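J.: Here is a sequence with its predicted model. Questions after.
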Amino acid sequence: MAARGSVDPEKTRAAVGLVADWLREPGHPEPDRATLADAVRLTARTLAAVAPGASVEVRVPPFVAVQCIAGPRHTRGNPPNVVETDARTWLLLATGLLGLDGAGAAVQLSGSRAPEVARWLPLVPLGPGDQRK
């Protein structure tokens with residue numbers, strides 16, 4: 001496994017490509033757990049790499065939690081700035097198929113800095129007409 005701080009853009013794009021049809025097409029069969037986990041983990045780790053820091057924690061249970069965005073570091077107890085969502089919603093955000101403003105109750109934001117993650121999204125653009133895989 002690669003070091004925590006490193007990300008492989010090609011591997012991330014490939015993992016997202018494997019779930020692209022499921023993200024674009026409601027009713028498309030859900031990918032298997034390992035495929036879904038790879039896409040979620042790699043995109044979240046990409047966020048941590050492009051927005052290094054520890055002032056916001058992004059959680060996508062049960063797959064991953066990463067700290068990102070420069071600023072005051074949180075070290076004990078519950079972090080004050082948290083973004084938490086499910087795997088599908090996270091991948092929709094990470095690919096630009098959904099904006100943070102349009103996610104509604106599917107994304108829980110706590111703390112004044114949590115909305116700052118929108119600045120780094122999408123991580124792997126996958127617009128409706130983008131057929132890259």
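T.: Everything's here; your move. In this text, all values refer to a predicted model and were calculated from it rather than measured experimentally.

J.: List the contacts of stretch 29-43.
T.: Contact with stretch 29-43 is made by 7-8, 11-12, 15-16, 18-19, 22, 60, 63-64, 87, 90-91, 94, 123-124, as judged by Cβ atoms under 8 Å, 6 or more residues apart in numbering. The C-beta positions use only the backbone N, C-alpha and C, and glycine is treated the same way.

J.: now stretch 46-53
T.: 5-7, 9, 12, 58, 66-71, 73, 94, 117, 119-121, 123-124.

J.: So which of the residues you listed belong to helices?
T.: Here DSSP state H is the test, and these give 9, 12, 94 as lying in helices.

J.: Among those, which one has the most neighbours?
T.: residue 94 (27 neighbours; other Cβ atoms under 10 Å).

J.: If you drop the residues flanking it in sequence, what lies closest to it?
T.: Leaving aside its sequence neighbours, residue 94 sits nearest to residue 43 (Cβ to Cβ, 6 or more residues apart in numbering; 4.0 Å).

J.: That'll do, ta.
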